[in-house]
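K.L.:
Dropping a prediction and its sequence here:
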Amino acid sequence: MVEIRRSQERGHVNHGWLNAYHTFSFDEYYDANFVHFRSLRVLNDDRVAPGTGFPMHSHRDMEIVTYVLEGALQHRDNMGNGSVIRPGDVQRMSAGTGVFHSEFNASRDEPVHLLQVWIFPEKKGLAPEYEQKTFPATEKRARLRLVASPDGRDGSVSIHQDAAVYATQLSASERVAHELSPDRHAWVQVARGRVQLNGDTLEEGDGAAISSESRVELTGAGDAEVLLFDLA
């Protein structure tokens, strides 16, 4: 079963400095049918204006993954980490018992476009952690590149949950496939471009919940970038 969540159906806020779409309930946006999917709690599609961003604020008991599509994001936190996240980078922050951090557009001229993902941790009260790795476009071209996993395998960042996150970049007619175990589910999010998912067309910003399927097939329809979540 494939349940499509169209881009225009998502929650939307535009604060001027922040133009954001929420796949799941977030902040003041609430949809009883889309609070979360399995352990995937938040999937925000954010565009942040130059020289602006999220000032220091706190989180706890959440695995936070940031995936930058365009521009550069400046990160700072109370663990002493300071970095710039660019396209190809994946940042993982385990909020655990509590962490304070800020995220600002690192440019005074160009906007930054990012996906921010929150995943429920396997248990509460974990020690806060930070990790950032780079995954070149060549590693995602016409293949599913593992970027986050419970055990950090294949050079992915490590998350405290039975979930695997893959990224791929597809040109027209390029195809990738992912096998799903009978007890697993998947979420597909089109970061940009257009793809075919098991025969259905997904446009930029569309997502899809997948259950009771043995295989996820993605075919590019022009240039596209997609995230695939394999979830318990």
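P.N.:
Arrived safely.

K.L.:
ok, so what distance separates the residue nearest to Phe24 when sequence neighbours are not counted from Gly207?
P.N.:
Nearest residue to Phe24, sequence neighbours excluded (Cβ to Cβ, 6 or more residues apart in numbering): Phe34, at 5.1 Å. To be clear about C-beta, it is placed using only N, CA and C from the backbone, and glycine gets the same treatment. Per Cβ to Cβ, to the nearest Å, Phe34 is found 9 Å from Gly207.

K.L.:
More neighbours: those two, which one.
P.N.:
Higher neighbour count among Phe34 and Gly207: Gly207, with 27 against 20, using other Cβ atoms under 10 Å.

K.L.:
Is it correct that the more buried one is in contact with Leu43?
P.N.:
Yes. The pair Gly207 / Leu43 is scored as a contact, 6.9 Å apart, by Cβ atoms under 8 Å.

K.L.:
Mutual contacts of the two, please.
P.N.:
Common neighbours of Gly207 and Leu43, using Cβ atoms under 8 Å, 6 or more residues apart in numbering, are Thr23, Trp187, Gln189.

K.L.:
Near the last one, how many other residues are there?
P.N.:
Yep, that's Gln189 we're talking about. Using other Cβ under 10 Å, Gln189 has 23 neighbouring residues.

K.L.:
if I read this right, it contacts Glu225, doesn't it?
P.N.:
No. Gln189 lies out of contact with Glu225 (Cβ under 8 Å); the separation is 9.7 Å.

K.L.:
quick revisit: secondary structure and pLDDT added to the shared contacts of Gly207 and Leu43, as CSV?
P.N.:
Shown next, in CSV, are the shared contacts of Gly207 and Leu43 (DSSP: H, G, I helix; E, B strand; the rest coil; pLDDT from 0 to 100):
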residue, secondary structure, pLDDT
Thr23, coil, 98
Trp187, strand, 98
Gln189, strand, 98
